[in-house]
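In: Mind looking at a prediction? Sequence and model below.
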Amino acid sequence: MIDFIFLAFIGFVLALGLKRPYLWVLLYVYIDILAPQLIGYGVIQSVPVSLIAFGAAFVGWVLFDRKEGARFSLRQGLILALLVWCFITLQFADYPVEAQTKWDWVWKAMVFAIFLPFTITTRQRIEALALTLVLTVGMIVISTGMKTVLGGGGYGSLKFFVKDNSGIYESSTLATVAIGLIPVIMWFTRFGTIIKPHWTVTGFAAALCFACLMIPIGTEARTGLVCIAALGVFLLRYTEKRLMFIAAAPVLGLIALPFLPQSYYDRMATIAQPGGDESASTRMQVWAWTIDYAADNPLGGGFDSYRSNSFTYTIPVREQSGNTTTTQYREVTDEGRAFHSSFFELLGEQGYPGLILWLLLHGLGVLQMEKTYRRWKGKTDESEAWISPLAAALQIASLIYLVGATFQGIGYQPVMLMIVGLQIGLYSYITRLDSAKRALVTDQVSRRPNRDANRRSNGRKSDPELALP
């Protein structure tokens, strides 16, 4: 039954797109994030819904959609350069079969991120994309948050819509995306036009933000706790009552303590003592190995080059016997362990050229959103007041992503690349607004001397003392 519900909805949106092709872009965003073809059990698994929506989005824009305001930006050029470089490293990858598997989804995510800004050329389209991102991720977040509240959480045991520990359905990735979208969710409570601000919207947004905060608890993802702390720090800049905000944080933490399971405490404790946890210790060993690998392979080793790693290290093992705790040191040998960091993922797979392109892409996004925030801050006109807060929300989303990316390999994460596309679209939109304003001012200034000259000329003609005899 669920297969036919999904197929009916997808078919309905495809039909609506015949009149409004931009809906096909939003449909692909929905399918790529939620993956309904993996949720269903029957016929939908044999229908290439993602490919259909992907093709419809491109063909619809090329053949039917308007192109006013579409422009190729510097950040799109950086994504294109990174895409080309990934293809080059694919040709000499250490593990060509595994690299090809990863390339099959990476190139689609990058191509769509390049294409997306061409389609979001108005405020309504920018908002529609942001709303689609929020509500689609919200479907996963709400389900996961409810299971957490009802006692179904736990590391590796929390059930999502699909039995697939990859993409956004990987626990740390979902935690990072959910926390990063909280400022965007709250933006809709003040500036939304598709769904206008109302107490029901505020209530739903608050509940959705609460569900987002439940994700790191339900999944027991340590990265999620770090992202929550980072979010609190970033929000300080935009909070007028900072002292109250700072004081409320520990109070809320104390209130939450009785409701957290012991397993959550045990797992979070490894953040302060990474050397005592095999997962954290392995992670640091992989990072050290990647630096050495990049020294010998500065151009990278292609996708999944981590499979070459092998190392031996010692970790402390604590054993409890009555009231006595003894610590013994055990030697551990690991090999083929993932990078567990996007920075080292890019360094190991794409070398220094790829890492530099990736850092420029996201660093420039933070700077552009900062520039947009400052340029449009304090605007009171309804047509402009929404710009600065959205830029701030998208900047925080990028910063949260970079924080989370430090501890997990999500360098090519499709949802984050969509947010990059949203940032590019917003920056292109306000650049056009600025250009239009400057042109209007220039036009007014150029006309003023002519008007003054005409007034002087008319004055001379009407003055009888200056009239010719």
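Out: Now that the structure is in, tell me what you want to look at.

In: Residue 301 - nearest residue in space that isn't next to it in sequence?
Out: Spatial nearest neighbour of residue 301, excluding adjacent residues (Cβ to Cβ, 6 or more residues apart in numbering): residue 94 at 4.4 Å. The way it works is simple: take the backbone N, C-alpha and C, and place the C-beta from them, glycine included.

In: now the strands for this protein?
Out: Remark: strands assigned in the chain by DSSP state E are 310-321, 324-335.

In: What distance do you get for residue 211 to residue 199?
Out: 19 Å (Cβ to Cβ, to the nearest Å).

In: where along the stretch 51-200 of the chain do the helices fall?
Out: 74-91, 96-119, 123-149, 171-180, 182-191, 199-219 (DSSP state H, counting those that start in this stretch).

In: what packs against the fourth one?
Out: Just to be clear, that refers to helix 171-180. Under the contact definition 3 or more Cβ pairs under 8 Å, 6 or more residues apart in numbering; DSSP states H and E, helix 171-180 sits against helix 123-149, helix 199-219, helix 222-235, helix 387-405, helix 414-462.

In: So which residue is smack in the middle of the protein?
Out: Nearest residue to the geometric centre of the chain (Cα atoms, centre = their mean): residue 416, 2.9 Å.

In: What's the separation between it and residue 3?
Out: Counting by Cβ to Cβ, the gap from residue 416 to residue 3 is 29 Å.

In: quick one: buried residues of stretch 35-47?
Out: Within stretch 35-47, the residues scored as buried using 16 or more other Cβ atoms under 10 Å are 35-40, 44, 47.

In: Kindly report the same for stretch 10-23.
Out: Of the residues in stretch 10-23, 10, 13-14, 17, 21-23 count as buried by neighbour count, 16+ other Cβ under 10 Å.

In: out of the residues you listed, who's nearest residue 231?
Out: residue 22 (30.9 Å; Cβ to Cβ).

In: Of all the helices of the stretch 51-200 of the chain, which one is nearest residue 400?
Out: helix 171-180 (3.7 Å).

In: mind checking how far the closest one is from the chain centre?
Out: How far helix 171-180 lies from its chain's middle: 9 Å, per Cα atoms, centre = their mean, to the nearest Å.

In: angle of it against helix 387-405?
Out: 160 degrees (axes from the mean of the first three to the mean of the last three Cα atoms, to 10 degrees).

In: what's next to helix 171-180, contact-wise?
Out: 137, 140-141, 144, 155-156, 158, 160, 165, 167-168, 211-213, 215-216, 219-224, 227-228, 231, 396-398, 400-401, 403-405, 407-408, 410, 413, 415-416, 419 (Cβ atoms under 8 Å, 6 or more residues apart in numbering).

In: That one: which residues count as buried?
Out: Buried residues in helix 171-180, counted by 16+ other Cβ under 10 Å: 171-180.

In: repeat for stretch 199-212
Out: Neighbour-count burial for stretch 199-212 [16+ other Cβ under 10 Å]: 204-205, 208-209, 211-212.

In: now do stretch 358-367
Out: Buried residues in stretch 358-367, counted by 16+ other Cβ under 10 Å: 358, 361-362, 364-366.

In: now swap in stretch 50-68 and tell me
Out: Quick answer for stretch 50-68 (16+ other Cβ under 10 Å): 50, 52-54, 56-58, 60-61, 65.

In: what sits against the residue nearest to the centre of the chain?
Out: Residues near residue 416 by Cβ under 8 Å, 6+ apart: 177, 401, 410.

In: neighbours of the closest residue to residue 372 other than its chain neighbours, just the number please.
Out: For residue 372, ignoring the flanking residues on the chain, the nearest one in space by Cβ to Cβ, 6+ apart is residue 391 at 3.8 Å. Residues near residue 391, counting by other Cβ atoms under 10 Å, number 24.

In: What of residue 377?
Out: Neighbours around residue 377, by other Cβ under 10 Å: 13.

In: Which residues lie in contact with it in this structure?
Out: If you count contacts by Cβ under 8 Å, 6+ apart, residue 377 has them with residue 388.

In: Tell me the spacing between it and residue 134.
Out: In terms of Cβ to Cβ, residue 377 sits 23 Å off from residue 134.

In: One more: residue 359?
Out: Counting by Cβ to Cβ - residue 359 and residue 134 are separated by 27 Å.

In: re the thing from before, Produce a PyMOL select command limited to the buried residues of the contacts of helix 171-180.
Out: In PyMOL syntax, the buried subset of those is picked out as below (16+ other Cβ under 10 Å):
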select buried, resi 137+140+141+144+158+160+167+168+211+212+213+215+216+219+220+221+222+223+224+227+228+231+396+397+398+400+401+403+404+405+407+408+410+413+415+416+419
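
In: Please report the number of neighbouring residues for the spatially closest residue to residue 191 that is not a sequence neighbour.
Out: Counting by Cβ to Cβ, 6+ apart, residue 386 is the residue found nearest to residue 191 once chain neighbours are left out, at 3.8 Å. For residue 386, the count of nearby residues is 20 (other Cβ under 10 Å).

In: Can you verify my assumption that residue 386 contacts residue 123?
Out: Yes - between residue 386 and residue 123 there is a contact under Cβ atoms under 8 Å: 7.3 Å.

In: Now do the contacts for residue 355.
Out: With Cβ under 8 Å, 6+ apart, residue 355 has these contacts: 343, 346-347.

In: burial count for residue 368?
Out: Neighbours of residue 368 (other Cβ under 10 Å): 24.

In: need the contact list for it.
Out: The contact partners of residue 368, by Cβ under 8 Å, 6+ apart, come to 75, 423, 427.
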